[in-house]
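Asks: Here is the input, now give the coordinates:
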Amino acid sequence: MIELNILKKDNYVYELQDSTGKKYTLNLEFLDTDINPKEGDTLIFNSKLLNPTYGGYSLAYTFGNLDSKYGKANISLDDVDVIKVIYDNKENYLKRIYG
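Replies: You can find the predicted model right below:
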């Protein structure tokens, strides 16, 4: 898992930085949830989602509630398509939505 701090957000474009200083620019959309990560919040990704050689890699991801009818059904928290969002002293898990 890689912890990414949100440095900048411009609409759906997020500039993220990991603990080593490496920066990532991803297009992220959050659906079916009240969670809207902002600058200063933290996203924890499975490292595969950030690896261009991974078959499911993308520069654009959509995430939503774990119980959303979209995406994988009965998904576990350690699945590659689950991220953790840390915001306002809260933690929440979201799953990748395909569409």
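Asks: which stretches of this structure form helices?
Replies: For the chain, no helices turn up when DSSP state H is the criterion.
Asks: and the residue sitting nearest the centre point of it, how far is that from residue 55?
Replies: Centroid-nearest residue in the chain, with C-alpha atoms, centre = their mean: residue 83, separated by 4.9 Å. Computed as C-beta to C-beta, to the nearest Å, the residue 83 to residue 55 distance reads 18 Å. Yep, even glycine has a C-beta here, placed from its N, CA and C like the rest.
Asks: next one: residue 35
Replies: On the measure of C-beta to C-beta, residue 35 and residue 55 end up 27 Å apart.
Asks: Name the residue in these two with the higher neighbour count.
Replies: residue 35 (17 against 6; other C-beta atoms under 10 Å).
Asks: That one and residue 85 touch, don't they?
Replies: Yes. Contact criterion C-beta atoms under 8 Å: residue 35 and residue 85 qualify, at 5.6 Å.
Asks: Quick check: neighbours shared by those two?
Replies: Here residue 35 and residue 85 share the contacting residues 92, 94, scored by C-beta atoms under 8 Å, 6 or more residues apart in numbering.
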